[in-house]
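[1] Next input, structure requested:
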Amino acid sequence: MITMKEVAAHAGVSTMTVSNVMNHASSVAPDLRKRVLRAIRVLKYQPSAIARSLRTKRTHTIGMIMPDITNPFFPAVVRGAEDVLNQHGYTLIVGNSDSDTQKEERYYRTFIARRVDGLFIIASATTRPPDYLLHHDTSTVPVVFIDRFYRGVRADAVFSDNVGGSLRAVNHLFDCGHRRIGIITGPLELENAKMRLKGYKRSLALHHVKIDNQLIREGEYHVRSGYEQTKALLSLKPRPTALFVSNAPMTYGSLRAMRESRVKCPEELALVSFDDMEWFEVSHPSISGVAQDAYGLGTTAAQLLLKRLQGLLSRAPQHKTLRTKLVLRESTKWRLIGERAA
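    Numbers count the residues shown, from 1 in each chain. So this is what the prediction gives:
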């Protein structure tokens, strides 16, 4: 590898001048700056990231641990965080935990060993905070939770309005004339799944409808789970007339189960999802959904982490909640249109 000393010799300047040019110091004369930059181009010099990190105590790398890279929601979060970090000279490294707490811990220890400057964590499903995070020093390596978080860990967090979004979705189903409304939740050891169930229950209370535990099915945030739990709900007598599904992969599974069972949507079973994906619009019927700002979760988390690294925040953890929006499509319209026509 070409060294700074070789660049200095080629340009006929000192290594200090090369260093000043690399660090954009204003004290370097224009002609010397041109000679150094020309030497860098000719020799194809690349500064050593390791040497720079030893000098500055920063690697300008950020780690992100996500639970499921196949879920289309999470790549948008990554993109948002990466766009902000790149503007500030940081590189994002991503690890996929597959919602496995042991794999999550391995990525955590790998990132810490590589001296990342900060961490984004989208938590795996677990009932308690992992020990390694309970003992983590966030003053040395700041942590920002995105979408899912561990209670008991003092760290910054950014998430969607899970309660409000679910409340609006289920309220809409009541407005459409439904009273027997089922829900497929996420894993209830996850905070966002609990909050979406809370919004569902709050809507039932507002409409003076007693909770029927048969209509509450715990899923696992993946396609097969949505399929299996929808099949279970369709076997009930009487079965629900509407269904609220807590994420997009499970919604896909629900549609498969409904079509396999020849249940018409929305005529026999209305459907609304907590998510809003591109394919919802081209599905037949098109799917009503609670739109989350996945990209905004990523950008907000990155901005929060950068402020933390710059020492611009108080020691108290910062929690930010992003608004959701209910997008209405064909999967919830039939009863409302039918009743108005009547």
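[2] Name the helix or strand for the closest residue to D83 other than its chain neighbours, please.
    Of all residues not flanking D83 in the chain, T299 sits nearest, at 6.7 Å (Cβ to Cβ, 6 or more residues apart in numbering). Where C-beta positions appear, they are placed from N, C-alpha and C, glycine not excepted. Element membership of T299, judged by DSSP states H and E, is helix 294-309.
[3] The helix or strand following that helix packs against which elements?
    Sequence-wise, the next helix or strand downstream of helix 294-309 (DSSP H and E) is strand 319-322. With contacts defined as 3 or more Cβ pairs under 8 Å, 6 or more residues apart in numbering; DSSP states H and E, strand 319-322 has these neighbours: strand 156-160, helix 294-309.
[4] looking at the ones you listed, which is buried most?
    Most buried of the helices and strands packed on strand 319-322 by mean neighbour count (mean count of other Cβ atoms under 10 Å) is strand 156-160; its value is a mean of 24.
[5] ok so, going back, out of the helices and strands packed on strand 319-322, nearest to R79?
    For the helices and strands packed on strand 319-322, the distance to R79 is smallest for helix 294-309, at 6.2 Å, taking Cβ to Cβ.
[6] quick one: the strands in this structure?
    Remark: strands assigned in the chain by DSSP state E are 61-66, 91-96, 118-121, 143-146, 156-160, 181-185, 216-218, 242-245, 270-273, 288-291, 319-322, 325-327.
[7] Just give the strands next to the second one in its sheet, each with its orientation.
    Meaning strand 91-96. With DSSP bridges as the test, strand 91-96 is paired with strand 61-66 (parallel).
[8] Let me know the angle separating the partner strand from helix 294-309.
    140 degrees (axes from the mean of the first three to the mean of the last three Cα atoms, to 10 degrees).
[9] Buried ones in strand 61-66, by neighbour count?
    T61, I62, G63, M64, I65, M66 (16 or more other Cβ atoms under 10 Å).
[10] what do you get for stretch 215-227?
    Result for stretch 215-227 [16+ other Cβ under 10 Å]: buried residues L215, I216, R217, E218, G219, E220, Y221, H222, V223, S225, G226, Y227.
[11] Reformat those as JSON lines; add pLDDT and distance to G95.
    Below are the buried residues of stretch 215-227 laid out as JSON lines (pLDDT from 0 to 100; distance: Cβ to Cβ, whole Å):
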{"residue": "L215", "pLDDT": "98", "distance to G95": "37"}
{"residue": "I216", "pLDDT": "98", "distance to G95": "33"}
{"residue": "R217", "pLDDT": "98", "distance to G95": "31"}
{"residue": "E218", "pLDDT": "98", "distance to G95": "27"}
{"residue": "G219", "pLDDT": "96", "distance to G95": "24"}
{"residue": "E220", "pLDDT": "93", "distance to G95": "21"}
{"residue": "Y221", "pLDDT": "94", "distance to G95": "18"}
{"residue": "H222", "pLDDT": "93", "distance to G95": "19"}
{"residue": "V223", "pLDDT": "96", "distance to G95": "23"}
{"residue": "S225", "pLDDT": "97", "distance to G95": "23"}
{"residue": "G226", "pLDDT": "98", "distance to G95": "26"}
{"residue": "Y227", "pLDDT": "98", "distance to G95": "28"}
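[12] which one of those is nearest E189?
    For the buried residues of stretch 215-227, the nearest to E189 is E218 (9.6 Å; Cβ to Cβ).
[13] Quick check: that closest one touching E189?
    No. Under the criterion of Cβ atoms under 8 Å, E218 is not in contact with E189, lying 9.6 Å apart.
[14] burial of the residue lying closest to A294 once chain neighbours are set aside, as a residue count?
    Distances taken as Cβ to Cβ, 6+ apart place A76 nearest to A294, at 3.6 Å, with adjacent residues excluded. Neighbour count for A76, taken as other Cβ atoms under 10 Å: 17.
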